[in-house]
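Visitor: Based on what follows, work out the 3D shape:
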Amino acid sequence: MHFIESMRNFEKIKTKKSVQGDYETVFKEKEPRWFQVFLAKLNSPLAFWLCIFLMLFFYLQKQLAFHFYYIEQEQLFLWSRAYWASVIMEPAGLVRLLTEFCVQYFIQPYYGALIMSALFTLIGMLTAGIIKRIAPHANLFILSLLPVVLLLYIHFDTNYFYRGTMAYMWMLCALYGHFCISHVTIRAVYATVSGILLFWWAGSIAFLFVVCVFLWELISRFTRAYRFIFPLLIVTGLAVWSVYASYIGDFRFVFLPDGYFTYQLRPGVAIYFPWIYMPLLLLVCRLVHRKNHVKGGRKYLEMLFQLIVVAAFFWFGTDKFVNRNSDFYKELDYYMRTGQWDNIIERCSGETDNYLYKCCLNVALAEKGELADRMFAFDQNGIQSIYMTWNRIPHVSVLLSDIYFSMGHIALAQRMAFEANESISNTGGPRMLKRLIQTNLIYGAYPVAEKYLDLLEQTYNYKEWACEHRQFLWNDEAIENDSLLNIKRQCIPKSNMLSELQGLHVDLEIIARQNPSHKASIEFAGAFYLLAKEIILFEEFVKNNYRSDALTTLPESYQEAIVILSEQDPSYLELYDISESVIRRYHEFRRQYLANRSNTAMLPGLLKSSYGGTYWYYYMFK
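Guide: Now for the predicted structure:
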């Protein structure tokens, strides 16, 4: 009986477990297959880094879209074996070649953010791999994001060479490979060879590599660390020799990240942060490498703390170390290069003290034929609003070349393009090379234009443009049939003269009388007098040019200036066709001015709402 009851109880238990197993099976079967795969992948590092890549992409696209367009113009990657061979033999030649190859695609929308997001993600993954190799049980995974954040600080600076980030990635690759080798002698040989190759191909980052290797060996295997002094001595010796042999100009370019920054300038402190971080990370990993796996709530608390540290560096660091002052100019520069004049006018509608912005605005107005009519509807402040003093800074040279080309002063446009091109890189930049091709075609200097065309034909992005312009070589008829080149060629003075000998405004008057169809020349000439408030000289300018082919009618700003001249002699208005509405508005302006002139503090504000876009307001209050 007891046996039978035991069997019955066993059958009940078996049935209960079977039913429970059926419930679990049914429940799992109800879960979609894609959901099960998603849950499995969610816990993998691949999903984590994919999320990091996407976040970086959206952030970089939002913050640096115009910056990527801007730095693409700072180099010229040639698809030529001769060019590759010459670059790769230079110090840090390989990373320069790889970086220029990537940067050439930044001209395309989204490509800059895509490429840099991939590079940053790879840096984070390599850092995570190094942490895993040297401290497999430590819960330091989130700290692999910190070098990405620290590198982000310096990517907003136009003076930073992106090859510094490429070099940092290669250094991490070499460091990861070092930690994968178990045999100490082979590891020492590997460190020596890697240090030499890094110095040749990537530059000063090799010094950071050998320092990290020696530091790790010193703190982990003190008795055998002497073997790793040799890679440090070799790289240090190569660095010193390269300076004394004049291959590299200064010691800071071979021992510090200064070599990845414009040589004429001193970088900010942010450029050193990624270099400082890596030795510190090795020290932290050494301190916790024997630590057991952390489980439960403590594991998530540690990860949360690391995440807060990374977020704090990102939030406060970008606010303190990132310089965003040039962001707006990079946007305007892109519109200038692509001829998006309406966008420039719209973006510059407010008040600003920056003359770069004002110059871009006035070029856009001139290109649309609206400079003389609408100039004072925008914030102006002296002749530097249309013409800046040359200070040998590359981006100012580029802007001046655009200004002179818009004015029709081809000689000065060519000179500024040459100056800008020489200061950019050994091969120059595509934008100014295109300007040099245009100006030399206009002058008929076909051999020089052909030399620059040969360069652009070796590029990926500008080959088509160069091939289209090759038709103009030794072909005056083709130039005469081209709307841009023909009208600019007619601006060249027929008699020899020294540029700016009597002043740029005089040159522009000569160009305007010779080529009346180029309206920008006469408009810029008149703007010189008005912005400088040289009202008497403006009177002479109008007398010499009014009713000529260059100035058949008077723009509104010219009429407003002539009304001021008629204050002493009302009959002066009879000499010119002045609109009745302009005269009436002036009398209203004068009446309000006289009625409130005792209130000097409030007067500009009282008149601005009704007359802020007139020359009278500019003449009185600017």
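
Visitor: how about Gly177, what does it touch?
Guide: Tyr190, Ser194 (C-beta atoms under 8 Å, 6 or more residues apart in numbering). Using the backbone N, CA and C atoms, a C-beta is placed for each residue, glycine as well.

Visitor: can you rerun that using 10 Å?
Guide: Arg133, Arg187, Tyr190, Ala191, Ser194 (C-beta atoms under 10 Å, 6 or more residues apart in numbering).

Visitor: Now it: which helix or strand?
Guide: According to DSSP states H and E, Gly177 maps onto helix 163-179.

Visitor: just Val103 next, same as before
Guide: helix 93-103.

Visitor: Pull out the C-alpha coordinates of the helix holding Gly177 and format them as PDB.
Guide: Extracted in PDB, the C-alpha atoms of helix 163-179 (Å, rounded to 0.1, in the frame of the first residue of the first chain):
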ATOM      1  CA  ARG A 163      45.500  63.600 -37.900                       C
ATOM      2  CA  GLY A 164      46.200  63.900 -34.200                       C
ATOM      3  CA  THR A 165      43.000  61.900 -33.600                       C
ATOM      4  CA  MET A 166      44.000  59.400 -36.200                       C
ATOM      5  CA  ALA A 167      47.500  59.100 -34.600                       C
ATOM      6  CA  TYR A 168      45.800  58.500 -31.200                       C
ATOM      7  CA  MET A 169      43.800  55.700 -32.600                       C
ATOM      8  CA  TRP A 170      46.900  54.000 -34.100                       C
ATOM      9  CA  MET A 171      48.700  54.400 -30.700                       C
ATOM     10  CA  LEU A 172      45.800  52.600 -29.000                       C
ATOM     11  CA  CYS A 173      46.000  49.800 -31.600                       C
ATOM     12  CA  ALA A 174      49.800  49.400 -30.900                       C
ATOM     13  CA  LEU A 175      49.100  49.500 -27.100                       C
ATOM     14  CA  TYR A 176      46.400  46.800 -27.400                       C
ATOM     15  CA  GLY A 177      48.700  44.600 -29.400                       C
ATOM     16  CA  HIS A 178      51.400  45.000 -26.800                       C
ATOM     17  CA  PHE A 179      49.100  43.700 -24.100                       C
END
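
Visitor: looking at the contacts of Gly177, which has the most residues close by?
Guide: Ala191 (28 neighbours; other C-beta atoms under 10 Å).

Visitor: how close does that residue sit to Tyr176?
Guide: 13 Å (C-beta to C-beta, to the nearest Å).

Visitor: do the same with Ile578
Guide: 78 Å.

Visitor: what's the answer for Ser598, then?
Guide: For Ser598, the distance to Tyr176 - C-beta to C-beta - is 77 Å.

Visitor: Next: Leu282.
Guide: 12 Å.

Visitor: neighbour-wise, which of those two wins?
Guide: Between Leu282 and Tyr176, counted using other C-beta under 10 Å, Leu282 has the larger neighbour count: 23 against 18.

Visitor: I'd guess the more buried one is in a helix, am I close?
Guide: Yes. Under DSSP: H, G, I helix; E, B strand; the rest coil, Leu282 falls within a helix.

Visitor: Touching, it and Phe209? I think so.
Guide: No. With contact defined as C-beta atoms under 10 Å, Leu282 does not reach Phe209; the gap is 11.8 Å.

Visitor: Overlap of the contact sets of these two?
Guide: By C-beta under 10 Å, 6+ apart, the residues touching both Leu282 and Phe209 are Leu175.

Visitor: for the strand or helix carrying Cys51, packing partners?
Guide: Secondary structure assignment for Cys51, by DSSP H and E: helix 45-72. With contacts taken as 3 or more C-beta pairs under 10 Å, 6 or more residues apart in numbering; DSSP states H and E, helix 45-72 sits against helix 33-42, helix 93-103, helix 111-134, helix 146-154, helix 297-321, helix 327-338.

Visitor: Tell me which helix or strand comes right after that helix.
Guide: By DSSP H and E, the next helix or strand past helix 45-72 is helix 81-88.

Visitor: buried stuff in that next one?
Guide: Of the residues in helix 81-88, those with enough neighbours to count as buried (16 or more other C-beta atoms under 10 Å) are Tyr83, Trp84, Val87.

Visitor: And the contacts of it?
Guide: Counting by C-beta under 10 Å, 6+ apart, 76-78, 80, 93-94, 96-98, 100-101, 200-201, 426-427, 455, 458 sit against helix 81-88.

Visitor: With stretch 571-590 instead?
Guide: Counting by C-beta under 10 Å, 6+ apart, 539, 542-543, 546-547, 553-554, 556, 558-560, 562-567, 569-570, 607, 610-611, 614-617, 620 sit against stretch 571-590.

Visitor: now those residues: which count as buried?
Guide: Of the contacts of stretch 571-590, these count as buried by 16+ other C-beta under 10 Å: 539, 542, 546, 554, 556, 558-560, 562-566, 607, 611, 614-617, 620.

Visitor: where are the low-confidence patches of the protein?
Guide: 1-44, 289-297, 426, 496-501 (pLDDT under 70).

Visitor: Please report how far the residue nearest the centre of it lies from Asp327.
Guide: Residue closest to the average C-alpha location in the chain (C-alpha atoms, centre = their mean): His67, at 2.6 Å. Taking C-beta to C-beta as the criterion, His67 is separated from Asp327 by 7 Å.

Visitor: tell me, what's touching the two both at once?
Guide: In contact with both His67 and Asp327: Phe156, using C-beta under 10 Å, 6+ apart.

Visitor: Per the annotation, how does this structure divide into domains?
Guide: 63-313, 329-489, 534-621 (automatic domain parsing).

Visitor: okay, those domains in TSV with distance to Phe524 next?
Guide: Output for the domains of the chain, formatted as TSV (distance: least, C-beta to C-beta, whole Å):
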stretch	distance to Phe524
domain 63-313	25
domain 329-489	5
domain 534-621	12
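
Visitor: can you tell which of those domains is closest to Ser521?
Guide: domain 329-489 (4.4 Å; C-beta to C-beta).

Visitor: what's the span of the closest one, first residue to last?
Guide: 30 Å (C-alpha to C-alpha, to the nearest Å).

Visitor: Out of the buried ones among the contacts of stretch 571-590, list just those in helices.
Guide: Among those, the members found in helices (DSSP state H) are 539, 542, 556, 558-560, 562-565, 607, 611, 615-617, 620.

Visitor: State the next helix or strand along the chain beyond the helix or strand Cys212 falls within.
Guide: Of the helices and strands defined by DSSP H and E, Cys212 is found in helix 205-220. Later in the chain than helix 205-220, the nearest helix or strand by DSSP H and E is helix 229-244.

Visitor: so how far is the helix or strand just after that following helix off the chain centroid?
Guide: Using DSSP H and E, the helix or strand that follows helix 229-244 in sequence is helix 252-255. Remark: helix 252-255 is offset 25 Å from the chain centroid, using C-alpha atoms, centre = their mean, to the nearest Å.

Visitor: Stretch 430-446 now?
Guide: That offset, for stretch 430-446, works out to 25 Å (C-alpha atoms, centre = their mean).

Visitor: hang on, the earlier thing: pull the contacting residues for the residue nearest to the centre of the chain.
Guide: Per C-beta under 10 Å, 6+ apart, neighbours of His67: 60, 106, 112, 155-158, 324, 326-327, 330-331, 334.

Visitor: just the helices in the stretch 301-450 of the chain please.
Guide: When assigned using DSSP state H, counting those that start in this stretch, the helices of the stretch 301-450 of the chain occupy the ranges 327-338, 341-347, 355-367, 371-374, 394-407, 410-424, 430-443, 446-456.

Visitor: Rebuild the ones you listed as JSON lines, extending it with distance to Arg298 and mean neighbour count.
Guide: What follows is the helices of the stretch 301-450 of the chain, written out as JSON lines (distance: least, C-beta to C-beta, whole Å; neighbours: other C-beta atoms under 10 Å):
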{"stretch": "helix 327-338", "distance to Arg298": "43", "mean neighbour count": "19"}
{"stretch": "helix 341-347", "distance to Arg298": "52", "mean neighbour count": "17"}
{"stretch": "helix 355-367", "distance to Arg298": "54", "mean neighbour count": "23"}
{"stretch": "helix 371-374", "distance to Arg298": "67", "mean neighbour count": "20"}
{"stretch": "helix 394-407", "distance to Arg298": "53", "mean neighbour count": "23"}
{"stretch": "helix 410-424", "distance to Arg298": "54", "mean neighbour count": "21"}
{"stretch": "helix 430-443", "distance to Arg298": "56", "mean neighbour count": "24"}
{"stretch": "helix 446-456", "distance to Arg298": "61", "mean neighbour count": "18"}
